[in-house]
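Peer 1: Return a 3D structure for these sequence lines:
(chains A and B)
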Amino acid sequence: MKRPDAHDTEVAIRRRSSLDVNLGDRTFRLVTAAFAAGAVVILASIVVQLFQGAWPSIARFGAGFLTSSDWDPVHDKYGAVPFLYGTVMSSLVALMITVPIAFGVAIFLSELAPPWIRGPLGFMVELLAAIPSVVYGLWGIFVLAPFMRSDVDPILRTLFGWTGFFSGPTNGHDMLTGAVILSIMILPTIASISRDVLRAAPPTLREGALALGATRWEAVRTAVLPYVRSGLVGAVLLGLGRALGETMAITMVIGNSDRAHQSLFQGAQTMASKIANEYAEASNDLHLAALTEIGLLLLAVTLLFNLAARILVWKMRGPVGQRPV
Amino acid sequence: MRKLLLVAFLVAACGKSKDSGPVNKDNGSGSQPASDTPKTGSVDLTGAGATFPAPLYAKWIAEYAKATPGVAINYQSIGSGGGIKQITEKTVDFGASDAPMKDEELAKAPGTLVHFPTTLGAVVLAYNLPDVKDQLKLTPDIVAGIFLGDIKTWNDKKIADANPGVKLPGDAISVAYRSDGSGTTAVFTSYLSAISPAWKDKVGAGKSVSFPVGSGGKGNEGVAGLIKTTPGTIGYVEIAYAKQTNQPYALLANKAGKFVAPSADSISAAAAGVTMPDDFRVSIVNAEGDGAYPIASFTYLLVYQDMDDPVKGKAVAQFIWWALHDGQKFCAPLDYAPVPDAVIKREEAKLRSLTAKGQPLLPAS
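Peer 2: Take a look at the predicted model:
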């Protein structure tokens, strides 16, 4: 039996009736469209389900849910402010810690590191993403929280206590420790995507800048970074998405206090941790509905951040010839 | 023939429990009631609910499977709330809950649900004071003061007065609580509500409450982590957890004013000190009696008074019977307290009243 060659293929294609061609293509299109629709249907049904589940709470509290700081299952009073604050604050602090480090890692790996170190180092950064959330949490309880309490927090208190963000006593289980855990968890996401984005910038840009006498730093700053700006923003937003939704690890170290405090040394609670804490043993239907509404809010916050990100990336699009990566 | 055997067993079991209490050493073999389960094949039972008694239930299920071939039980410790939900929806053969069901929860069930107290647990106050070697003594007043945030330092006069001769540090007290909804929190806050009008008024009792001070850890291990890693911390955990992790815990003054250590005896004493209602739904916090430990509670199995499936119903009734007699000896080694004999007697009568489609599951007596 002879192996099929180009001629045979051509003959085979010609022999098919036009119906066959259309049928195959049509089936292919239908199947893939069904998969694509599946994603939309799942998202829509989640929203509908959450909305239905949250309805008793929405009907009872209305907009008050978004402005009240009371969370008291015993007296059936529910408000989401402390958890909205906890989620947004912990994620933003985590980004402030991670972004400079992640960009540093990415620039080193893509621009400066000798080739033999790139592979292993990049691999190790990505390995951070493979550690299960609960392991981060346990490490947080037994290593990070005591370390923050005895070594990091006193220094911050002395230097920045006047700002109000680093004041008061702490047992190490607080907003700051939660943010630090988050920052470690989102580092691999931001660093590895940023590295890929930087590497995708055409080498001619760097070479041109270097040829003009720029230093390495100047070449990165003036030629490469502007070109990949929107890609980097995308990397940060993927990290932010993970931070907003992270549950297990942050629940274990954030101190789970139902009050919003200015000081990062106080316990806090995120929307995800609130749900994780109370959903399994919700005391009545209204409690369950309030927790479901928190879930709906978390989805809304995530969508909002994603939307803002799209707009940001879109606005950043450079002039023609500088197509973003 | 089958019936005869069963009657013989029940008579034997009752006779023995009169002499030797709920623990019958030698009826675990041979005359098991479940050994004559229908010969049509094996029975699979599913149960779900409370996490607190889960280690004991796992032990019971393993032992029961050895003693009673043909009955396989699958218990999922998904939490008391989930247990109540699943038995209400009849997706399991029995539910389990730490706190008795509320009236409005019972009203939602499609039939009459019956509570069977299976064992007793206690909540202890564990602390981390590296320099204090004596076991700390706490009064109700002090416990409420600490958790309300009124008592702020360890050398507070009230604590010093209760612990003469103990050198207390001047450190700030840091409070640790359970952040996840739990029966442990329900028991502890119902104790605080019983002893402190201020607590009852401001916070109240429940599986999740709004704690005025402190930080929350998820699960017993989360609270234990907070206590262990932070000197000056006090928190509440289940007794089994404190014992297994060698955490120091406080002696508590009970209603009679006596300082009592949590133990199987002092917990059972708390259960003996209350008047048991007919439906067994009772709180035993702050119980009467010199030897009673004040923060204790029953944990319950939940089944329908009239079940749909006679075969499964019978297997459930026989399993509960076994748990209340042979099973009780496994309590103490796992740091649970056995149910007092007087309560077991009343549960026997209740078990005999269970039916499936109107037919009794166990012989009358």
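Peer 1: how about the strands in chain A?
Peer 2: Assigned strands in chain A, in chain order: A:71-72, A:77-78 (criterion: DSSP state E).
Peer 1: out of these, which comes closest to chain B?
Peer 2: In terms of C-beta to the nearest C-beta, the element of these nearest to chain B is strand A:71-72, at 4.4 Å. Bear in mind the C-beta positions are built from the backbone N, C-alpha and C, glycine included.
Peer 1: Report all helices and strands that the closest one contacts.
Peer 2: Judged by 3 or more C-beta pairs under 8 Å, 6 or more residues apart in numbering or on different chains; DSSP states H and E, strand A:71-72 is in contact with strand A:77-78.
Peer 1: Within the sheet, what are the partner strands of the strand it packs on, with directions?
Peer 2: Here strand A:77-78 has these sheet partners by DSSP bridges: strand A:71-72 (antiparallel).
Peer 1: circling back to that earlier point, out of the strands of chain A, indicate the one that is most buried.
Peer 2: strand A:71-72 (a mean of 20; mean count of other C-beta atoms under 10 Å in any protein chain shown).
Peer 1: Just the mean pLDDT for that one, thanks.
Peer 2: Regarding strand A:71-72, the rounded mean pLDDT is 92.
Peer 1: Not counting its own residues, what contacts it?
Peer 2: A:77-79, A:82-83, A:258, A:274, B:209-210 (C-beta atoms under 8 Å, 6 or more residues apart in numbering or on different chains).
Peer 1: again, only this time at 10 Å
Peer 2: A:77-83, A:258-259, A:269, A:274, A:278, A:287, A:290, A:294, B:202-204, B:206, B:208-210 (C-beta atoms under 10 Å, 6 or more residues apart in numbering or on different chains).
Peer 1: Tell me the buried residues within these.
Peer 2: Buried by 16 or more other C-beta atoms under 10 Å in any protein chain shown: A:78-83, A:258-259, A:269, A:274, A:278, A:287, A:290, A:294, B:203-204, B:206, B:208-210, out of these.
Peer 1: ok, which residues in the stretch 1-150 of chain A are in contact with chain B?
Peer 2: A:70-75, A:77, A:137-138, A:140-143, A:145-147, A:149-150 (C-beta under 10 Å from any C-beta of the partner chain).
Peer 1: helix or strand for B:S297, which one?
Peer 2: Assigned by DSSP states H and E, B:S297 falls within strand B:296-304.
Peer 1: next one: that strand to chain centre, how far?
Peer 2: Chain-centre distance of strand B:296-304: 7 Å, with C-alpha atoms, centre = their mean, to the nearest Å.
Peer 1: Convert the C-alpha atoms of that strand to PDB, please.
Peer 2: Extracted in PDB, the C-alpha atoms of strand B:296-304 (Å, rounded to 0.1, in the frame of the first residue of the first chain):
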ATOM      1  CA  ALA B 296     -20.900  21.100  77.400                       C
ATOM      2  CA  SER B 297     -23.500  19.900  74.900                       C
ATOM      3  CA  PHE B 298     -25.100  16.800  73.400                       C
ATOM      4  CA  THR B 299     -24.800  16.000  69.800                       C
ATOM      5  CA  TYR B 300     -27.700  14.400  68.000                       C
ATOM      6  CA  LEU B 301     -28.600  12.000  65.300                       C
ATOM      7  CA  LEU B 302     -31.800  12.900  63.400                       C
ATOM      8  CA  VAL B 303     -34.200  10.400  62.000                       C
ATOM      9  CA  TYR B 304     -37.900  10.400  61.000                       C
END
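Peer 1: That strand near chain A anywhere?
Peer 2: No. Judged by C-beta under 10 Å from any C-beta, strand B:296-304 makes no contact with chain A; its nearest approach is 14.0 Å.
Peer 1: Just give me how far stretch B:131-146 sits from the chain centre.
Peer 2: 24 Å.
Peer 1: What's the local residue count around A:A6?
Peer 2: Residues lying near A:A6 (other C-beta atoms under 10 Å in any protein chain shown) number 7.
Peer 1: Distance check, it against chain B.
Peer 2: 61 Å (C-beta to the nearest C-beta, to the nearest Å).
Peer 1: Measure how buried the nearest residue to A:L210 once chain neighbours are set aside is and give me the count.
Peer 2: Spatial nearest neighbour of A:L210, chain neighbours left out: A:A219 (5.3 Å); criterion: C-beta to C-beta, 6 or more residues apart in numbering or on different chains. Neighbours of A:A219 under the rule other C-beta under 10 Å: 21.
Peer 1: if I look at the closest residue to B:P169 other than its chain neighbours, how far off is B:I146?
Peer 2: The shortest distance from B:P169 to any non-neighbouring residue, by C-beta to C-beta, 6+ apart, is to B:W154 (5.1 Å). Using C-beta to C-beta, to the nearest Å, we find B:W154 at a distance of 10 Å from B:I146.
Peer 1: Mutual contacts of those two, please.
Peer 2: In contact with both B:W154 and B:I146: B:127, B:173, B:234, using C-beta under 10 Å, 6+ apart.
Peer 1: will you turn those residues into CSV that also has secondary structure?
Peer 2: As requested, these are arranged in CSV below (DSSP: H, G, I helix; E, B strand; the rest coil):
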residue, secondary structure
B:Y127, strand
B:I173, coil
B:I234, strand
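Peer 1: of the residues you listed, closest to B:T355?
Peer 2: Nearest to B:T355 among those is B:I234, at 48.6 Å by C-beta to C-beta.
Peer 1: Now do the contacts for that closest one.
Peer 2: If you count contacts by C-beta under 10 Å, 6+ apart, then B:I234 has B:125-129, B:136, B:138, B:143, B:146-147, B:154, B:173-176, B:214, B:226-227, B:249-250 around it.
Peer 1: Helices - which of these land there?
Peer 2: B:143, B:146-147, B:226-227 (DSSP state H).
Peer 1: most surrounded residue in the residues you listed?
Peer 2: B:L226 leads the ones in helices among the contacts of B:I234 on contacts (other C-beta under 10 Å) with 31 neighbours.
Peer 1: shouldn't it be in contact with A:H173?
Peer 2: Yes. Counting by C-beta atoms under 10 Å, B:L226 touches A:H173, with 6.0 Å between them.
Peer 1: between those two, what contacts are shared?
Peer 2: A:141, A:145, A:253, A:255-256, A:267, B:174, B:176, B:215-217, B:233.
Peer 1: How about the residues of the stretch 1-150 of chain B by chain A?
Peer 2: B:50-51, B:78-82, B:84-85, B:98-99, B:102, B:104-105, B:108.
Peer 1: Among the residues you listed, the buried ones, what's the PyMOL command?
Peer 2: To isolate the buried ones among the residues of the stretch 1-150 of chain B next to chain A in PyMOL, judged by 16+ other C-beta under 10 Å, type:
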select buried, chain B and resi 50+51+78+79+80+81+82+84+85+98+99+105
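Peer 1: which two from the residues of the stretch 1-150 of chain B next to chain A end up farthest apart in space?
Peer 2: That would be B:T51 and B:E104, which, of those, are the farthest apart (C-beta to C-beta) at 23.3 Å.
Peer 1: wait, what's in contact with B:A269?
Peer 2: When contacts are taken as C-beta under 10 Å, 6+ apart, B:A269 is in contact with B:254, B:260, B:263, B:284, B:287-293, B:296, B:337, B:340.
Peer 1: Check what pLDDT B:G219 gets.
Peer 2: pLDDT, B:G219: 85.
Peer 1: got it, and A:A191?
Peer 2: 94.
Peer 1: and if you look at B:T184?
Peer 2: B:T184 is given a pLDDT of 89.
Peer 1: Could you name the helices and strands sitting against the helix or strand containing it?
Peer 2: Assessed by DSSP H and E, B:T184 sits inside helix B:183-195. Helix B:183-195 sits against helix B:80-88, strand B:113-127, helix B:140-148, strand B:174-178, helix B:197-202, helix B:219-229, strand B:233-238, strand B:296-304, with contacts defined as 3 or more C-beta pairs under 10 Å, 6 or more residues apart in numbering or on different chains; DSSP states H and E.
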